[in-house]
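Participant: Next come a sequence and a model predicted from it.
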Amino acid sequence: MANNDVDWREYNIHAQDEEETHQPVDIFAPREEDVYEIHKYNFDVENENATITLREQSDYDVSTGMSVWKGSEILCQYLTKHPDLIREKRILELGAGVGLCGIVSAKVIGASYVLLTDGDHMVLRNLRYNVELNELGTKVSCPQLIWGKTKAKVFEKEHGKQDVILATDCVYVTKSVRPLFETIAELLAPNGVFLFVNSCASICSLKDVMNIGKEFGFSASSDELWCQPGNEKDPVYVFRR
């Protein structure tokens, strides 16, 4: 773990609240046989091609944050077709996992600075490895960020407001949606945008996401809805205040 990381794992999302001290069973406990794989992803932006290299694990039993999920690939397609949303902007990725969207923002599109965040300290270790693997230098950092208003306020004091916040396939239980929007409300610049895709299996409905978002002053217009060609069921939602 980095010096400032706390010992938090993905299973902690099932705790009752930010102050919960009870530790549930770690369903993602490390195993001796955990094996990494190196995968490459190619992207085109305005006729320029770039390759992203990521270290991943294909077994979701280790952590959902150790693999590239469908939602991040969908969002990357959207970002490369809308580069002006990202170029020269400050970007924050929540629940970044292996970091595909944030790394594409930095390396392919030209964001001014990218914060790749996750709560799980094991995921963060691999995330930082991927930043080094893609030679991103000081353009990207990987601080730990556990969702919720209190922790977001502390994070904002150190890192400031962000122009664009990204989140993909990281809401699979309803109880995580309120901490998500608490975090966004604290960290998104007044005129910023929150880009959201949730293609994974989830017991959290889109209606819940929309209703809780509205409580914090965010809505996603149908006019800005974007769908990957041939895939109408996993759109990109553009939330604004």
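Facilitator: Received the coordinates, thanks. Numbering: from 1, shown residues only.

Participant: Make sure I have this right: residue 122 is in a helix.
Facilitator: Yes: the assignment for residue 122 is a helix, going by DSSP: H, G, I helix; E, B strand; the rest coil.

Participant: how many other residues sit next to it?
Facilitator: Look at residue 122: counted by other Cβ atoms under 10 Å, it has 22 neighbours. Any C-beta I mention is one placed from the backbone N, CA and C, and that applies to glycine too.

Participant: same deal with the one 3 residues further on?
Facilitator: Here the number of neighbours of residue 125 (other Cβ under 10 Å) works out to 14.

Participant: Name the SS class of it, please.
Facilitator: helix.

Participant: ok, now how distant is it from residue 84?
Facilitator: Using Cβ to Cβ, to the nearest Å, one gets 33 Å for the distance from residue 125 to residue 84.

Participant: residue ranges of the strands in this protein, please?
Facilitator: 37-45, 48-56, 90-94, 113-116, 140-141, 162-168, 188-197, 219-220, 226-228, 231-240 (DSSP state E).

Participant: Dump those to JSON lines, plus mean pLDDT and mean neighbour count.
Facilitator: Shown next, in JSON lines, are the strands of the chain (pLDDT from 0 to 100; neighbours: other Cβ atoms under 10 Å):
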{"stretch": "strand 37-45", "mean pLDDT": "95", "mean neighbour count": "13"}
{"stretch": "strand 48-56", "mean pLDDT": "94", "mean neighbour count": "15"}
{"stretch": "strand 90-94", "mean pLDDT": "98", "mean neighbour count": "26"}
{"stretch": "strand 113-116", "mean pLDDT": "98", "mean neighbour count": "26"}
{"stretch": "strand 140-141", "mean pLDDT": "98", "mean neighbour count": "20"}
{"stretch": "strand 162-168", "mean pLDDT": "98", "mean neighbour count": "25"}
{"stretch": "strand 188-197", "mean pLDDT": "98", "mean neighbour count": "20"}
{"stretch": "strand 219-220", "mean pLDDT": "98", "mean neighbour count": "18"}
{"stretch": "strand 226-228", "mean pLDDT": "95", "mean neighbour count": "16"}
{"stretch": "strand 231-240", "mean pLDDT": "96", "mean neighbour count": "17"}
